[in-house]
Structure formats: C-alpha cells, structure tokens
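1. how does the following fold in three dimensions:
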Amino acid sequence: MKTIYINKSILITILLLSLSTAQDVSLKATVSANVMTVDDRFEYSVEVAGKSTSLPDVEFPDFKDFYILSGPNSSTSIQFINGSMTSSKTLSFIMQPKAEGKFTIGKAAIEVNGETYTSNAINITVQKGSAKPQQPQQQAPKNREDPEVSGQDLFLKTEVSRTNAYIGQQITVEYKLYFRVNIRNYERPKPPKNAGFWTEDLEVPKRPRQETEVVNGIAYNIATIHKIALFPTQVGELTVDPMQIKLEVLVKNQRRRSFFDSFFDDPFGRTVQKTVVGKPVKINVKALPVSGKPADFNGAVGDFRFDVSVDKTETATNEAIALKLKLRGQGNIKLVELPKPDIASSIEQYDP
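-> Next comes the predicted model:
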C-alpha cells in the first residue's frame, strides 16, 4: 500500500508543477490610445511575462485596418524579487488607422507546452476631427498639405532582354521599381496584356529582393515586382506594355518653414497615395529564315541542350537499362519535341 501512495503523490506533484509552469506565463496587450482620428499615430504593445528567460514567440493578430509605421520593436527585462526571477518581453508597433469607424485588434497568442494562450482584444474608435487621446505626447504633429513625391523619387522601368527578335524567340521582361522614399505598402499590379505576344509568367519572390543603382548621380533602391517571358506571335513592330502600380509612401510632415524645422519634423510622417506608370518598349520582330529550316520544325526558337544518361553501362541479357533524356535551355520549351532515340533493333524499347 505504501508503494501505491508514493506513486500517487509523485503524480500529483508532477501535475501541480506542470500546471504551475503554464500559469507562470502571462500575455497582455495594450494601446497608447483607444480614441483617435485617421491622422493620429498610436502604440500597440504585447507583453509576455514568465519565470523563464526563454519566453515563447508571439503570434500577432491581423492588423488589416491599420498601417504599420514601425515595428515590431522589442525590449526585455529581468527582475529578482525575494530570490524569485521574473522576465518579460515587450513587442510594440507604431500604427495609424486607415479609415474612420470602430475596429477591433484581435488577440495575440503564444504556445506553451502544447497549449495556446491568448491576450485580450482591443477596441479602437476612429473619429472625425480632433480626438482626445489618452497620451497626447504619443501623437505626431499634423500637416494638412500632402507632401509631393516627384518622378525623381519614384519611377517604374521596363527592362527587356532584347529589342530585336524572331517570331517565337523568348524576350525576358522585368518590371523594376526605382525608389528613394519609404514605401509602406503597394497593390499587387495586374500584368499588362501585351498584344502580339504569348506570355509566360516567371517566378518573383513575394518579398522582392532589393538592390541599389546610381542613375544620373542619384542612388536608388530597386525591386523587381514582376517578371515575364514574352514570345512574339507576329512580324512587325510590337509594344511591350508598361505596368501601373499603386503605392503608399510614408513622407515626413513639416511645419511652416523656419530655422527650427529640423527640430519639429514629424518622426513618423504620414502616408500619401501614389500611382506610378512605366514606359512602353518597342520590339522589332522578324520572320524566321526559310533557308535551312528543318522539315519537322514546329516553331520552337531558343537555346536548348539535350543531356542523355543511362543508369548503367554494363548489363546482362534480359536486364533493363534506364535511358534518360533531359532538355534544358532558354526559350519556349513547351514546343520542343523530344527526339526518339536511335536504338539497335536487337534491343526492346518500352515507353516511360
């Protein structure tokens, strides 16, 4: 009987310890203001606290009704009280409403020992005119005039791999955004129609990789936002259509020009809408030469290569050999037909 009681006490102790560990972690969300206007900025913070220096990662709610001006910004702290350690991690965002109305920021979440714990949701009211924020010092100065973003700050460029091509020859097109401003967001652009071409989309990362380039003495960031392969279907002068993109640009506000402008610049700025349109590119398309044209030619133009390999070079009678034909290169590969291998009649062939 003693053995039974000891086992029960151990199980109860382990259970209590695991419950205690889970309860030692807390999650709380706060904002610097619940009532504001569309021009106001506010801070949204999530604090994770526990008795371990290894705190779980936070899964944030959807911020679809707000612009994220900065964040997540992280800070940590550790305290020792009566020999007991408590650590906390705070993650914060500076945000701005997109429109007037009543909105809810959903619950943040963490996972501890396979269980999910959530924070409180937060209600935000966005009013017309001036609001009475809970912490006015968090609000940025207002400016009724939208600062302008010029063509030297932001433009689209249509880059093509060639301007002279034959029918069916691949032309790689990259639509690149040149910018030296803070782009907050942009709408995924609709691909141009590009009449007279057959189009194949090429893969572009969802988060475009940025490069830099100096144009006319000005340094720009560059992001490729769309990439396609065009194959001309007719002879003559064709046009690669430009792309149009809508962006949200974060620009600084300033008060009336004075000696103290640098001290009164808005550290957060405000968002302005900008539509950028690229320029078309002309392509001269020629017919394929008739001389030397193969009898079975079906229109595939490009630089292709066949790789042939077998899985073994020595074998016995009635033992199979795998023959692999690999096609690679640049061009409309869908039009290329794999040739039938010329194999001796003494060898049986089986289709793959």
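
2. after the helix or strand of the chain with the lowest mean pLDDT, which helix or strand is next?
-> Least confident element among the helices and strands of the chain, by mean pLDDT, DSSP states H and E: helix 2-23 (a mean of 39). Next along the chain after helix 2-23, taking DSSP states H and E as the criterion, comes strand 26-31.

3. go through that following strand and flag the buried ones.
-> L27, A29, V31 (16 or more other Cβ atoms under 10 Å). For glycine as for every other residue, the C-beta is placed from the backbone atoms N, C-alpha and C.

4. redo those residues as a markdown table? Include pLDDT.
-> As requested, the buried residues of strand 26-31 are arranged in a markdown table below (pLDDT from 0 to 100):
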| residue | pLDDT |
| --- | --- |
| L27 | 85 |
| A29 | 91 |
| V31 | 90 |
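
5. what's the closest of the residues you listed to L91?
-> Each of the buried residues of strand 26-31 was checked against L91 using Cβ to Cβ; the closest is A29, at 9.9 Å.

6. OK, contacts around the closest one?
-> If you count contacts by Cβ atoms under 8 Å, 6 or more residues apart in numbering, A29 has them with Y44, S45, V46, E47, I105, K107, A108, S119, N120, A121, I122.

7. which of the residues you listed are buried?
-> Y44, S45, V46, E47, I105, K107, A108, S119, I122.

8. quick revisit: make JSON lines from the contacts of A29 and add distance to V235 and pLDDT to it.
-> JSON lines is the format used below for those (distance: Cβ to Cβ, whole Å; pLDDT from 0 to 100):
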{"residue": "Y44", "distance to V235": "59", "pLDDT": "90"}
{"residue": "S45", "distance to V235": "63", "pLDDT": "89"}
{"residue": "V46", "distance to V235": "62", "pLDDT": "89"}
{"residue": "E47", "distance to V235": "67", "pLDDT": "87"}
{"residue": "I105", "distance to V235": "58", "pLDDT": "92"}
{"residue": "K107", "distance to V235": "61", "pLDDT": "91"}
{"residue": "A108", "distance to V235": "60", "pLDDT": "90"}
{"residue": "S119", "distance to V235": "64", "pLDDT": "88"}
{"residue": "N120", "distance to V235": "67", "pLDDT": "92"}
{"residue": "A121", "distance to V235": "63", "pLDDT": "92"}
{"residue": "I122", "distance to V235": "63", "pLDDT": "92"}
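
9. helix/strand/coil for the residue positioned nearest the centre of the chain?
-> Geometric centre of the chain, nearest residue: R207, 2.8 Å, by Cα atoms, centre = their mean. Here R207 is recorded as coil under DSSP: H, G, I helix; E, B strand; the rest coil.

10. for the one 5 residues further on, same thing?
-> T212 carries the three-state label strand when classified by three-state DSSP.

11. wait, N185 sits on E248?
-> Yes. With contacts counted by Cβ atoms under 8 Å, N185 reaches E248, the gap being 4.4 Å.

12. restricted to strands, list the buried ones among the contacts of A29.
-> Here DSSP state E is the test, and those give Y44, S45, V46, E47, I105, I122 as lying in strands.

13. name whatever forms a beta bridge with the first one.
-> Spelled out, it's Y44. V31, F93 (DSSP bridges).

14. for it, what are its contacts?
-> A29, T30, V31, F63, S92, F93, M95, I105, I122.

15. that older thread, okay if I get the buried ones among the contacts of A29 as CSV plus distance to R305?
-> Listed next are the buried ones among the contacts of A29 as CSV, based on distance: Cβ to Cβ, whole Å:
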residue, distance to R305
Y44, 55
S45, 57
V46, 54
E47, 59
I105, 55
K107, 55
A108, 53
S119, 57
I122, 59
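
16. T313: which of these is nearest?
-> For the buried ones among the contacts of A29, with T313 as the reference and Cβ to Cβ as the criterion, the closest is A108, at 61.6 Å.

17. wait, what's in contact with that closest one?
-> L27, A29, V46, V58, E59, F60, P61, T118, S119.

18. hmm, back to that, so can I have TSV of the contacts of Y44 showing distance to V160?
-> Formatted as TSV, the contacts of Y44 follow (distance: Cβ to Cβ, whole Å):
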residue	distance to V160
A29	49
T30	52
V31	49
F63	38
S92	45
F93	40
M95	40
I105	45
I122	49
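
19. farthest-separated two in the residues you listed?
-> It's T30 and F63 that sit farthest apart of the contacts of Y44, by Cβ to Cβ, at 15.2 Å.
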